[in-house]
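[1] sharing a model that was predicted from the sequence below.
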Amino acid sequence: MDTKIFGHRGAAGTHPENTMISFQQAKKVGADGIELDVQLSSDGVPVVIHDEKVDRTTDGSGFVKDKKMEELKQLNAVFKFKQFDFCPIPTLQEVLEWASQTTLLINIELKNSVIAYEGLEEKVVELVKLYKVEKQTIFSSFNHYSISKLHRIAPHIEKAILYSEGLFEPWNYAHVVGAQSLHPNKGVATKAIVKAAGSKGIQVRPYTVNDERTMKKMFAMNVSGFFTDYPEKALQIREKIES
Ligand code: G3P
Ligand code: MG
């Protein structure tokens, strides 16, 4: 089966999201790829965290953009998974250093639709080039100006538009923005869209697919991939379908 399984924020259903232990878990269970969210610290370092504020997932409070990397590094991002020890917020550099030793696909989501981090695109592209992971990387963002900018500065790296509404003929829109793939919310990823996009060479990878019924539906639709907090479960279902 061609459908690739991406561990969303690593293996966020069972491990502290967007931490090294979570990405390592996704690899351990055999995921094809990982997804991670990137923002900028106050001193301009790309750091891996989902929310604009650290409050939900760490023992700290306040905006990521107001804290230096060293301050962010003191925080414990163990979130609700208290059985784990101290889990620091990784920098993008740390994740890429590790992922570059693997064959994992790496979906780097630029979290810049609420705060337009100045220079985020350039910094992220620079790191991807430094670790020579261009071929295994997919950039995505809900901020499509950012995707268009990435298309200008890194034309050879795959880019995907993230969206959650009923975008009209998204395969045409993706082309305008300079994206090669669609990352829709699972609710708006229809069979017709997957088919039409596929005929134009546009890949579709819905998010975030956590229940067995929807996973089976995604496999039946033959999507290029999907994001899940439970990569182990998705792999078991895929293996069952294949056997
Ligand atoms: O990249 C897929 C998915 O992560 C997008 O939504 O909010 O989980 O980052 P979110
Ligand atoms: Mg994300």
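    Alright, I've got the coordinates. Numbers count the residues shown, from 1 in each chain. Ligands and ions are numbered 1, 2, ... in the order given.

[2] pLDDT wise, what is the closest residue to ligand 1 within the chain at?
    The nearest approach of the chain to ligand 1 comes at Y207, 3.7 Å away (CB to the nearest ligand atom). No exception for glycine: its C-beta is placed from N, CA and C like everyone else's. On pLDDT, Y207 comes in at 98.

[3] for the one 4 residues further on, same thing?
    Per-residue pLDDT puts D211 at 98.

[4] please report how far it lies from ligand 2.
    According to CB to the ion, to the nearest Å, D211 stands 18 Å off from ligand 2.

[5] on that earlier part again, so the residue of the chain closest to ligand 1 makes contact with H8?
    Yes - when contacts are counted by CB atoms under 8 Å, Y207 is listed as touching H8 (6.7 Å).

[6] more neighbours: which of these two?
    Legend: neighbour count by other CB atoms under 10 Å for Y207 and H8, higher for H8 (31 against 23).

[7] hang on, the more buried one packs against E35?
    Yes - contact between H8 and E35 holds when scored by CB under 8 Å: they sit 5.1 Å apart.

[8] list the residues that contact both of the two?
    Residues touching both H8 and E35 (CB atoms under 8 Å, 6 or more residues apart in numbering) are 207, 227.

[9] hmm, back to that, dig out what the residue of the chain closest to ligand 1 forms beta bridges with.
    N185 (DSSP bridges).

[10] residues in contact with it?
    Y207 neighbours (CB under 8 Å, 6+ apart): 8, 35, 162, 183-186, 226-227.

[11] of these, which is the most crowded?
    Ranking the contacts of Y207 using other CB under 10 Å puts H8 first, with 31 neighbours.
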